[in-house]
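> Need coordinates for the below:
(one chain, ligands or ions: 2)
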Amino acid sequence: MTDAHTAGPFIAAIDQGTTSSRCIVFDRDGRIVSVDQKEHEQIFPKPGWVEHNANEIWTNVQEVVAGAIEKAGITRDDIKAIGITNQRETTVLWDKNTGEPVHNAIVWQDTRTDALCRELGRNVGQDRFRRETGLPLASYFAGPKARWLLDNVDGLRERAEAGDILFGTMDSWVIWNLTGGVNGGEHVTDVTNASRTMLMNLHTMRWDAKIAESIGVPLAMLPEIRSSAEVYGEITGGKLGDLLGGIPVASALGDQQAALFGQTCFSEGETKSTYGTGTFMVMNTGEKIINSYAGLLTTVGYKIGDEPTVYALEGSIAVTGSLVQWMRDQMGLVSTAAEIETLALSVEDNGGAYFVPAFSGLFAPHWRSDARGVIAGLTRYVTKAHLARAVLEATAWQTREIADAMVKDSGDELVALKVDGGMTANNLLMQTLADVLDAPVVRPMVAETTCLGAAYAAGLAVGFWSSTDELRANWRRAAEWTPRMDAATRDREYKNWLKAVERTMGWLDEDES
Ligand SMILES: Nc1ncnc2c1ncn2[C@@H]1O[C@H](COP(=O)(O)OP(=O)(O)O)[C@@H](O)[C@H]1O
Ligand SMILES: O=P(O)(O)OC[C@H](O)CO
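Numbers count the residues shown, from 1 in each chain. Ligands and ions are numbered 1, 2, ... in the order given. The predicted model follows:
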């Protein structure tokens, strides 16, 4: 246990993320009692394709849950409930009779459905998808990934139509396995995860039969859509049956929505941004569904049991922390992610260089799958230290573009930004962010807001916490960065950034993917 004075009971949360799975045990004050984490393999079969082995993920989930319980030195009687949060959109199909995935899971970053999305745009029209699902047609979302599997795995469509194949994002896969798997596992998803499939109607909160038909996904394979905080079932399955049998599985939220919840952004207009592999800024828009005209996603923020649905606007950036990883692993420019800050601090500025990491096209607010990465403004003056600056600035400027879009769509000014995620350890980045946003940036004491949000939702579902007001009292500021950049510099740099963004577009031709 991290704190000798921490007393039970506790809530556990599983975060099934893009690069790793972790389990965290929290106490009633929302403090971390123990953590266990395990990375899984990233599989790149072709350029632009990214897969995960869903069996490896399930094995890791069981190990980290057992690991966190052991590290906390507690037993099943000390745990009141377990919550789930997960990388969103990543899609797995499995045979309900054997529990075996029919293919590796297709990850959210995977661009193999680009051509399919363009075809759907021509045949059905962009507007229809945006209006009903809140999402632009893009390879990012789950529905087209399921269609790709149905078209490319031999005999799969017939098996799916016969009702033998189940579809899930990672929440569904984990919950089904936790609650019994082939022996009666619950096939459910929550409204936040369902809102990323491109198959759920945002207005009715049900699967949209016409949209599903136009994408080519049989309704028979889809899970039941439930709220984000309620008991879906009890742990009975796998290795965890003996250790934690009977513990209620009581929440599910996509990881960015969980972070919104963990940051206690419960009021309309409150906004958080999470800096990990990618970056995701999410604004609570209350019970209002705001159609985006500025390139954001309209999505579900959360739904607690029978309470009304809370909606959100989201700006998703595909590549931020993964650019730092790329500089480390592919370019060898630094040996650890943290070193990028030391290298960047060895120079005053970016030396005129701008790095737009459009590795999977550009997500919000552009949604351009034909874009590819660019380093603009190169001269012989530029050193690797300037590039390190440009790498960090890329995250800040991409956030600025999203913040501008949020102001346009919501009409609300950004008063302050709550941040979390691995990259917030970088002080230079956080200062640059405050500078380019011209707004304060604040980080809470518990930076593991994703797991915390899932724990909060599970705790509310079983009465461990009584209300969101009680949760709000747990939020404590750990650090704050205030803007220091003068307006003229900010405007000049933003203009240069936007020029560099222009240069990424149209790199791929219509017939390329
Ligand atoms: N000090 C740092 N400076 C810049 N980037 C960092 C730093 N520390 C970690 N990162 C980046 O943050 C990401 C990890 O953050 P995390 O929140 O664990 O991500 P995820 O949940 O997406 O796996 C990695 O992409 C890594 O490159
Ligand atoms: O697992 P993360 O933190 O990289 O988050 C991934 C997002 O949910 C993708 O939409």
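> Pull the contacting residues for the residue nearest to residue 176 when sequence neighbours are not counted.
Once flanking residues are discounted, residue 176 sits nearest to residue 185: 3.9 Å by CB to CB, 6 or more residues apart in numbering. (C-beta placed from N, C-alpha, C; glycine too.) By CB atoms under 8 Å, 6 or more residues apart in numbering, residue 185 lies in contact with 175, 176, 177, 178, 179, 233, 237.
> The fourth one and residue 185: what is the separation?
Using CB to CB, to the nearest Å, we find residue 178 at a distance of 8 Å from residue 185.
> same question, the fifth one
Relative to residue 185, residue 179 is positioned 5 Å away (CB to CB).
> So what pairs up with residue 207 in the strands?
residue 200 (DSSP bridges).
> Please look at residue 344 and residue 383 and confirm they touch.
No. Between residue 344 and residue 383 there is no contact under CB atoms under 8 Å: 11.0 Å.
> neighbour count winner among the two?
Neighbour count, other CB atoms under 10 Å: between residue 344 and residue 383, residue 344 has more, with 25 against 14.
> Quick check: which element contains the more buried one?
Counting by DSSP states H and E, the element that carries residue 344 is helix 339-345.
> Need the mean per-residue confidence for that helix.
Computed over helix 339-345, the mean pLDDT rounds to 98.
> Contacts made by that helix with the rest, please.
Helix 339-345 has contacts (CB under 8 Å, 6+ apart) with 324, 327-328, 333-334, 384-385, 388-389, 391-392, 426-429.
> What is the burial count for the residue of the stretch 401-513 of the chain found nearest ligand 1?
Residue of the stretch 401-513 of the chain nearest ligand 1, by CB to the nearest ligand atom: residue 422 (2.1 Å). Counted with other CB under 10 Å, residues neighbouring residue 422 total 17.
> who in the stretch 301-450 of the chain is up against ligand 1?
Contact residues (CB under 6 Å from any ligand atom) of the stretch 301-450 of the chain with ligand 1: 321-322, 324-325, 337-338, 340-341, 421-423, 425-426.
> Can you show me the helices along the stretch 251-400 of the chain?
All helices of the stretch 251-400 of the chain, identified by DSSP state H, counting those that start in this stretch, fall at 255-262, 321-329, 339-345, 384-410.
> how about the helix or strand just after the longest one, does it reach ligand 2?
The reference is to helix 384-410. Moving toward the C-terminus from helix 384-410, the next helix or strand (DSSP H and E) is strand 417-420. No. Strand 417-420 does not reach ligand 2 (CB under 6 Å from any ligand atom); its nearest approach is 10.3 Å.
> Can you tell me what sits against strand 417-420?
Residues outside strand 417-420 that contact it (CB under 8 Å, 6+ apart) are 259, 262-263, 265, 270-275, 281, 399, 403, 430, 433, 437, 439-444, 447-450.
> redo that, cut-off 10 Å
Here strand 417-420 makes contact (CB atoms under 10 Å, 6 or more residues apart in numbering) with 259-260, 262-265, 270-276, 279, 281, 399, 403, 429-430, 433-434, 437, 439-444, 446-450, 452-453, 475, 477, 479, 481.
> Show me which positions of it end up buried.
Judged by neighbour count (16 or more other CB atoms under 10 Å), strand 417-420 contains these buried residues: 417, 418, 419, 420.
> How far does it sit from its chain's centre?
15 Å (CA atoms, centre = their mean, to the nearest Å).
> In the stretch 101-250 of the chain, where is pLDDT below threshold?
237 (pLDDT under 70).
> which residue ranges form the strands in it?
105-106, 165-169, 188-190, 200-201, 206-207, 224-226, 229-234, 248-254 (DSSP state E, counting those that start in this stretch).
> helices or strands next to the third one in the packing?
What that stands for is strand 188-190. strand 79-86, strand 165-169, helix 170-178, strand 224-226, strand 229-234, strand 248-254 (3 or more CB pairs under 10 Å, 6 or more residues apart in numbering; DSSP states H and E).
> Let's see that with 8 Å instead.
Applying 3 or more CB pairs under 8 Å, 6 or more residues apart in numbering; DSSP states H and E, one finds that strand 188-190 contacts helix 170-178, strand 224-226, strand 248-254.
> and for it, what are the contacting residues?
Residues from elsewhere that reach strand 188-190 (CB under 8 Å, 6+ apart): 168-169, 171-172, 175-176, 223-228, 232, 251-254, 303.
> which among those residues are in contact with ligand 2?
By CB under 6 Å from any ligand atom, the members of the contacts of strand 188-190 lying near ligand 2 are residue 254.
> Quick one, which of the contacts of strand 188-190 are buried?
Of the contacts of strand 188-190, these count as buried by 16+ other CB under 10 Å: 168-169, 171-172, 175-176, 223, 225-228, 232, 251-254, 303.
> Nearest spatial neighbour of residue 19, chain-adjacent residues omitted?
Spatial nearest neighbour of residue 19, chain neighbours left out: residue 39 (5.8 Å); criterion: CB to CB, 6+ apart.
> returning to what we had before: need the phi and psi values for the residue nearest to residue 176.
phi -60, psi 150 (degrees, to the nearest 10).
> Alongside ligand 2, which residues does this structure contribute?
The chain has residues 17, 18, 87, 88, 89, 108, 254, 255, 256, 276, 277, 278 near ligand 2, with proximity defined as CB under 6 Å from any ligand atom.
> Isn't the second one up against residue 107?
I take that to be residue 18. Yes. Applying CB under 8 Å as the test, residue 18 and residue 107 come out as touching, 6.9 Å apart.
> any residues in contact with both of the two?
87, 90.
> Please state the backbone phi and psi of the residue of the chain most remote from its centre?
Computed with CA atoms, centre = their mean, the residue of the chain farthest from its C-alpha average is residue 380, at 38.3 Å. Dihedral pair for residue 380: phi -70, psi -10, per degrees, to the nearest 10.
> Contact partners for the closest residue to residue 170 other than its chain neighbours?
Take residue 170 and drop its neighbours on the chain: the residue closest to it by CB to CB, 6+ apart is residue 86, 4.0 Å away. By CB under 8 Å, 6+ apart, the residues touching residue 86 are 15, 16, 17, 169, 170, 171, 174, 193, 252, 254, 255.
> at 7 Å what do you get?
16, 169, 170, 171, 174, 254, 255 (CB atoms under 7 Å, 6 or more residues apart in numbering).
> Quick one: residues contacting the fifth one.
Translated: residue 174. By CB under 7 Å, 6+ apart, the contact set of residue 174 is 14, 16, 61, 84, 86.
> what's the distance between it and ligand 1?
Distance from residue 174 to ligand 1, counting by CB to the nearest ligand atom, to the nearest Å: 16 Å.
> could you check whether the particular helix or strand that has residue 15 in it is close to ligand 1?
Per DSSP H and E: residue 15 is located in strand 10-16. No. Strand 10-16 stays clear of ligand 1 (CB under 6 Å from any ligand atom), getting no nearer than 7.5 Å.
> Could you pull out the buried residues of the helix or strand that that strand is followed by?
Sequence order places strand 20-26 as the next helix or strand after strand 10-16, per DSSP H and E. Going by neighbour count (16+ other CB under 10 Å), the buried part of strand 20-26 is 21, 22, 23, 24, 25, 26.
> quick one: strand 20-26 to strand 10-16, angle?
Per axes from the mean of the first three to the mean of the last three CA atoms, to 10 degrees, the angle that strand 20-26 makes with strand 10-16 is 170 degrees.
> next structured bit after strand 20-26?
Where DSSP H and E defines the elements, the next helix or strand beyond strand 20-26 is strand 32-39.
> Would you mark the buried spots in that following strand?
32, 33, 34, 35, 36, 37, 38.
> Give the next helix or strand downstream of it.
Strand 32-39 is succeeded, C-terminally, by strand 51-52 (DSSP H and E).
> near ligand 1, anything from that next one?
No. Applying CB under 6 Å from any ligand atom, one finds strand 51-52 out of contact with ligand 1, separated by at least 12.5 Å.
> Report the next helix or strand after that strand in sequence order.
helix 54-72.
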